[in-house]
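J.: Give me a 3D structure for the following:
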Amino acid sequence: MNSVIHKIKLKNFKNNSGSLLSLKEIFSLINVKNSFIIKSTKNKVRGNHAHKKATQIMCCLKGKVKVVIKNSDNQKVFLLKEEKNYCLFVPKCNWTQIQFLKKSIILVLSSEKYSENEYIRKYSDFLNYKKK
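T.: Numbers count the residues shown, from 1 in each chain. Predicted structure coming up:
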């Protein structure tokens, strides 16, 4: 499995009646065991946690979000917009913060079923976990 944070370009098939985005690339990257939609308004922040085992893919369905990903070595910032047809691949053990730049909806696909024990919710605990 790929362990590098990166954007995934979705294939867009357009005609005069609309467009269809293929998720084929996503399902070849992870075995999806959980999925959810997050809705929020401008200037709200979600996330602020890391996952011990879960790899996730985030897609902006409506609006615009800034995703800040930190590990113990560096920080990367990604902008996801509905009209760009990109998703973001986030491997396990990365601290993730989602900033909603306008009223937005994101789809998150996860490689793990939900378990509260899987989350790291304090940044200091995350840094200690990364040292192990």
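J.: Give the buried residues for stretch 52-72.
T.: The neighbour-count check on stretch 52-72 (16 or more other Cβ atoms under 10 Å) flags 54-60, 63-65, 67-71 as buried. C-beta here means a position set from N, CA and C on the backbone, and glycine is covered the same way.
J.: In strands only, show me those.
T.: Counting by DSSP state E, those place Gln56, Ile57, Met58, Cys59, Cys60, Lys64, Val65, Val67, Val68, Ile69, Lys70 in strands.
J.: The second one reaches Asn31, doesn't it?
T.: I take that to be Ile57. No. Using Cβ atoms under 8 Å as the test, Ile57 is too far from Asn31 to be in contact (11.5 Å).
J.: just how off-centre is the lowest-mean-pLDDT helix or strand in the chain within its chain?
T.: Sorted by mean pLDDT, DSSP states H and E, the helices and strands of the chain end with helix 24-27, the least confident at a mean of 87. Centroid displacement of helix 24-27 relative to its chain, using Cα atoms, centre = their mean, to the nearest Å, is 14 Å.
J.: Please name every helix or strand in contact with it.
T.: strand 6-9 (3 or more Cβ pairs under 8 Å, 6 or more residues apart in numbering; DSSP states H and E).
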